[in-house]
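# With the sequence up front, the predicted model follows.
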Amino acid sequence: MFALRDDDLERSILGCGDGTASFNAEVTAQGGKVLSVDPIYQFSADDIQQRIRRVYPGMLSQFARQADQYVWRHFRDPGHLGSVRMSAMNRFLEDYPSGLQAGRYVEASLPELPCFDGEYDLALCSHLLFLYSDHIDLQAHVEAVLELCRVAREVRIYPLVSVDGRVSQHLPAVVRELGERGYDVGMERVDYQFQKGANDMLWVRSTAAPEENTDD
């Protein structure tokens, strides 16, 4: 969904709203550097596992009821989707205690991230901004994206549609605001698509030249 290449995985990465995804665990195992931030990281592994067990059956039922809203290309059916997601969540749970101790999982949320300016090469945000446009207003979207731009040299956001499958009403204004602030902004078609209409990601890059390394 983020069109990541091998060289992207060698960069320092911030994952915003990562939840129970296995991305941090998998990239770390390959020697990469990832910080994941999410409010859910205030809870223990046991608490998160219990929550997964509670919501998992309902999640499968919802996908089955709304199957016509999705593209069944990467997943055969709701059962296959559930199996893949449960595998990813189990991988996360295996990694979570050690990752929490190492500081790779941090309780935080937009629009305030506990990171230095330009600390990360790449910030990724999936299934949060734009998707919930009915609950997150335009100003909150602008503040969130600007915060991501503050801490990372490049930002990628996916998807750009709301839960109804329509392009978010906030997208044009967010793109315009970023352009007026001097950022390079664009959209890229990605190979991943599950929700119908969700086949583009937004990328934002700083136009500022990198500082030269001057050692005393």
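It's in.
# CA atoms for contacts and neighbours, from now on please.
Noted.
# just checking, what packs against the helix or strand of the chain with the lowest mean pLDDT?
Taking mean pLDDT, DSSP states H and E as the measure, the helix or strand of the chain with the lowest value is helix 45-65, at a mean of 95. Under the contact criterion of 3 or more CA pairs under 8 Å, 6 or more residues apart in numbering; DSSP states H and E, helix 45-65 touches helix 78-102.
# Point out the other helices and strands that the helix it packs on packs with.
Against helix 78-102 (3+ CA pairs under 8 Å, 6+ apart) you get helix 23-29, helix 45-65, strand 105-106.
# okay, the angle between the second one and helix 78-102?
When you say that, I think you mean helix 45-65. Helix 45-65 runs at 160 degrees relative to helix 78-102, counting by axes from the mean of the first three to the mean of the last three CA atoms, to 10 degrees.
# In helix 45-65, which residues are buried?
For helix 45-65, burial by neighbour count (16 or more other CA atoms under 10 Å) applies to 45, 48, 52, 60, 63.
# Then the first one?
Of the residues in helix 23-29, those with enough neighbours to count as buried (16+ other CA under 10 Å) are 23-26, 28.
# Alpha carbons only: can I get the helix or strand harbouring residue 174 in CSV?
Residue 174 belongs to helix 171-180 when elements are defined using DSSP states H and E. This file holds the C-alpha atoms of helix 171-180, laid out as CSV (Å, rounded to 0.1, in the frame of the first residue of the first chain):
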residue,chain,number,x,y,z
LEU,A,171,-8.0,15.7,0.4
PRO,A,172,-8.1,18.8,-1.9
ALA,A,173,-7.8,21.3,0.9
VAL,A,174,-5.0,19.3,2.6
VAL,A,175,-3.0,19.1,-0.7
ARG,A,176,-3.5,22.9,-1.2
GLU,A,177,-2.4,23.8,2.3
LEU,A,178,0.8,21.6,1.9
GLY,A,179,1.6,23.2,-1.4
GLU,A,180,1.2,26.7,0.0
